[in-house]
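> would you be able to build a 3D model of this:
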Amino acid sequence: MAPDPKENGGALGEHMDLDAGALPPSGNKDAVKPSSKKKKDEKKNKDDDLSEEDLALKQQLELYVERAQDSDEGIQRVALEAMRQEIRTATSSMTSVPKPLKFLRPHYKTLKTHYEKMPESELKRFMADIISVLALTMSEEGDRESLRFRLQGTVGDIGSWGHEYVRNLAGEIGNEFQQRQAAEEPVDDLMDLIKQIVPFHVKHNAEPEAVDLLMEVDKLEMLIDHIDKANHKRTCSYLTSFASYVPEPDDMAVLRIAYQLYCKFNKFPEALRVALRMGNAQYVKTTFAACKDPLEKQQLCYILGRQGISIELDEEMTDNEEQRELLQELISNSKLSEGYLTLARDLDVMEPKTPDDLYKAHLVDGRASAGASVDSARQNLAATFVNGFVNAGFGVDKLMTAPVTEGSSGGWLFKNKEHGKASAAASLGLIMLWDVDGGLPLVDKYLYSNDNHVVAGALLAVGIINCGVRNECDPAYALLYDSVNKEDVTIRIGAILGLGLAYAGSQKEEVLDLLTPIVQDSKVGVDLAGFAAVALGLIYVGSCNEVVAQSIVLALMERSEAELGEPLARFLCLGLGLLYLGKQEAADATMEVAKTLNEKISKYCLVTIETCAYAGTGNVLKVQALLSMCGDHLEKGDNHQAPAVLGIALVAMAEELGCDMAIRSLEHLLQYGEQNIRRAVPLALGILSISNPKISVMDTLSRLTHDSDSEVAMSATISLGLIGAGTNNARIAGMLRNLSSYYYKDASLLFCVRIAQGLVHMGKGLMTLNPYHSDRFLLSNVALAGLITFLHASFDMKSFILGKYHYVMYFLVLAMQPRMLITLDENLKPLPVPVRVGQAVDVVGQAGRPKTITGFQTHTTPVILATGDRAELATEKYIPLSTVLEGFVILKLNPDYQHDHLSS
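Coordinates of the predicted model:
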């Protein structure tokens, strides 16, 4: 559009002829400034392009602009009112720039100039309103003119100017607020505007924009008054999902608002999940006490059980003693084994499997099967683990629980040598997982064996059976505490690990009193002290317990340099790290102390504590710091880069985007990193997509299983097992079969391949190791602690998994959970109903009611859910008491349900 004379300070009198409407404004150009014919033609052509209505509107608006500068206030008022009417009717829907704004653009500066000259009056404020709207399309980037004129304008309703105007104002308010905060200027006038904008956004289904604005001005608590029952769900889902991207301590403030909103509308299962995400025990208890519906209380107990939180219910939380006992039973997961076996029976997989059923030797090239016929102790040990993992929780197998036939003394157990017997006896615990009443009698006979290794294994089995399950009789402590101070080191380690697994996350003080002296005793071996430290780390995971922290730090200070050089000394550091799991800044003081330790272990300790403290937080700055640490070239003997590589994965696993970015960064480390970094990369990839066999990660690991460095190959092989854990993934199973043929002469690598095969078929495909649950919203500290311990042990395969401490494999039990959905009726009995299971779709902040799953199939419960799957009820007959359909979900009859005779 050609420049208007008014923009160049042209005399106002030259436009008075417009009243006649005979000439468009371009006709007056020559009176002001000589113009070339070309420009005149261009202008004429532009006007010719307009339709008659548009041309009439354009001339009408130019007339209004003219009249708005009239000396008579009455004429000015009429012109401004007419202009406002035109703009308002055009900006109500905003797909392109509205015509009135387009035609008024050339007059923007004229109106501004006239505004400056106007005396203070209501009319001037009226003019400011209109200039504020014009600034929407005209003002320079960063000028915030729209906001400036708005603040000088009338106090009326800003929503009538349309969505786009309000949205633009909200953006400018955010910038202005930050600038004023920095300069310590008052912000009251901005707050008055915000009080108009937030209700407008909420009323027009733009809750995310209201949240964003309030976040900018640190006034998120204002939201609570404006949200109602109809839109709380969308608002809370936005709040909880973007809490992952907010730095501390703002993330907790965001979650607190979501928690208060859920409580306001009595959505207690959702409120409980948010309280668990915050790690706020007080909120958990408050939610429990506020919930009055007995059925809903039972659903809350199932959620607490899945998260591994043990709370003692008191009178305030329950109505009577009978209800308290039932609820306590649900929190303690005592129904887990029963539900898991219900799923297995429904899917018809109760038949026990042998390791040979998995190896499928007949599918492999001839040379491998020839080598496998030798009955070696290493092969038998591998078969022990495979058998334990594949039949985990089923209570029956063909090696350990099979009746002993005549002529064979003690069966499978004695086909293992020395420390192999410990793992074999412990595998019985894995087979009887979660079944305390059925499992302990079977293990009992081994507790009185003459072979110390068998006794140690049986003690560990007691811990495994009680893992994640609490029993009112507390059998684990009764059976284990005596053996902790026996003479034999093997028995002591078995008892200590058993206690660590049985009471992980429970913060049981008796165990603290029992194990602290062992950690501090400098006369006991580093192996015993290391395992005791890890056991305490697991029991007090994420609690920042000072007593445990001090005892481990003292142990690290008192040990000699030679002892600190042993592989198990690193477990002392790991125990310290687990205390601060996910606690971020709470670990700072301990990290300062770690810097003063012996230089042989100081850096390893520092990195371990830091990576544990920020695990699952998605803190980008920590990832950058860890990456730069991996870029250093070290002297021989430094070993702190391995936990740094693992740390990148632990920090980034908080959300999908972070995972993808971390996988790309780890690819770079593979290409350019030193040998000790390359050995840790497969393990980091393993935890980033644990029990989630992504094709890209699978291919990378498959490539690394043939690496020239055998340690890299072993890590990659174990990681293939981790990413396929419990999925029965056919592609990984095929890769591992080929590897078993490729490495048939290399006993160590073949052992790793067998372990990986056991992991892939874990629980016959009904289990997962993923520490995230509830639609990837909650992270189980206990599960993550078990995985981290196993991965730290895997940094040194030769000492742990291939050495005599192979029972560290059993730390994975802490993360093992059925990946199931079982629907229950009001009496907590399984209730088969149709559900749709499909790939979860992220619908946060989307308009309307979009579908939350895609590519679904309809099944009848119980069903198994893969990582990234989501389920929804396919019937309206029942209402689920939990919005997230995972694990145990109680259904109640829908009172409004109308039975449709056509659908039956």
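> phi, psi of Thr768?
Main-chain torsions, Thr768, degrees, to the nearest 10: phi -140, psi 160.
> contacting residues around it?
By CB atoms under 8 Å, 6 or more residues apart in numbering, the residues touching Thr768 are 691, 725-726, 816-819, 867. Using the backbone N, CA and C atoms, a C-beta is placed for each residue, glycine as well.
> among the residues you listed, which are in helices?
Residues of the contacts of Thr768 located in helices (DSSP state H): none.
> out of those residues, which are inside strands?
Using DSSP state E, the members of these that fall in strands are 817-818.
> between the contacts of Thr768, which is closest to Ala170?
Nearest to Ala170 out of the contacts of Thr768 is Thr867 (CB to CB; 37.6 Å).
> now for the contacts of Thr768: which two are most distant?
Met816 and Thr867 (14.3 Å).
> the two: which is more packed in?
Neighbours were counted for Met816 and for Thr867 using other CB atoms under 10 Å; Met816 has more, 25 against 20.
> skipping adjacent residues, who's closest to that one in space?
In this structure, Met816 finds its nearest non-sequential neighbour in Met767, 5.3 Å apart by CB to CB, 6 or more residues apart in numbering.
> for the contacts of Thr768, give me CSV that also has pLDDT and distance to Val246.
CSV is the format used below for the contacts of Thr768 (pLDDT from 0 to 100; distance: CB to CB, whole Å):
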residue, pLDDT, distance to Val246
Ser691, 88, 28
Ala725, 91, 31
Gly726, 89, 33
Met816, 92, 32
Gln817, 91, 28
Pro818, 92, 33
Arg819, 89, 30
Thr867, 85, 25
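> and which of the contacts of Thr768 is nearest to Thr384?
Comparing these against Thr384 with CB to CB places Met816 closest, at 16.9 Å.
> now the helices for the stretch 701-850 of the chain?
All helices of the stretch 701-850 of the chain, identified by DSSP state H, counting those that start in this stretch, fall at 710-723, 730-742, 747-760, 781-794.
> using JSON lines, lay out those together with distance to Glu164.
Output for these, formatted as JSON lines (distance: least, CB to CB, whole Å):
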{"stretch": "helix 710-723", "distance to Glu164": "47"}
{"stretch": "helix 730-742", "distance to Glu164": "50"}
{"stretch": "helix 747-760", "distance to Glu164": "54"}
{"stretch": "helix 781-794", "distance to Glu164": "45"}
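> so which of those is nearest Glu322?
Proximity to Glu322 (CB to CB) singles out helix 781-794 among the helices of the stretch 701-850 of the chain, at 29.2 Å.
> report the angle between that closest one and helix 747-760.
With axes from the mean of the first three to the mean of the last three CA atoms, to 10 degrees defining the directions, helix 781-794 sits at 170 degrees from helix 747-760.
> just the C-alphas of helix 781-794, formatted as PDB.
Extracted in PDB, the C-alpha atoms of helix 781-794 (Å, rounded to 0.1, in the frame of the first residue of the first chain):
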ATOM      1  CA  ASN A 781      12.200 -45.300  43.400                       C
ATOM      2  CA  VAL A 782      12.600 -48.800  44.600                       C
ATOM      3  CA  ALA A 783      12.500 -50.200  41.000                       C
ATOM      4  CA  LEU A 784      14.900 -47.600  39.800                       C
ATOM      5  CA  ALA A 785      17.300 -48.300  42.700                       C
ATOM      6  CA  GLY A 786      17.300 -52.000  41.800                       C
ATOM      7  CA  LEU A 787      18.100 -51.200  38.200                       C
ATOM      8  CA  ILE A 788      20.900 -48.700  39.100                       C
ATOM      9  CA  THR A 789      22.500 -51.300  41.400                       C
ATOM     10  CA  PHE A 790      22.500 -54.000  38.700                       C
ATOM     11  CA  LEU A 791      23.900 -51.600  36.200                       C
ATOM     12  CA  HIS A 792      26.700 -50.400  38.500                       C
ATOM     13  CA  ALA A 793      27.600 -54.000  39.100                       C
ATOM     14  CA  SER A 794      27.600 -54.500  35.300                       C
END
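> in that helix, what's buried?
Within helix 781-794, the residues that count as buried by 16 or more other CB atoms under 10 Å are 781-794.
> out of those, who's nearest His859?
Distance to His859, by CB to CB, is smallest for Ala783 among the buried residues of helix 781-794, at 26.0 Å.
> give me the distance between that closest one and His201.
As judged by CB to CB, to the nearest Å, Ala783 and His201 stand 39 Å apart.
> returning to that earlier point: distance to Ala79 added to the contacts of Thr768, as JSON lines?
What follows is those, written out as JSON lines (distance: CB to CB, whole Å):
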{"residue": "Ser691", "distance to Ala79": "70"}
{"residue": "Ala725", "distance to Ala79": "74"}
{"residue": "Gly726", "distance to Ala79": "74"}
{"residue": "Met816", "distance to Ala79": "76"}
{"residue": "Gln817", "distance to Ala79": "71"}
{"residue": "Pro818", "distance to Ala79": "73"}
{"residue": "Arg819", "distance to Ala79": "70"}
{"residue": "Thr867", "distance to Ala79": "65"}
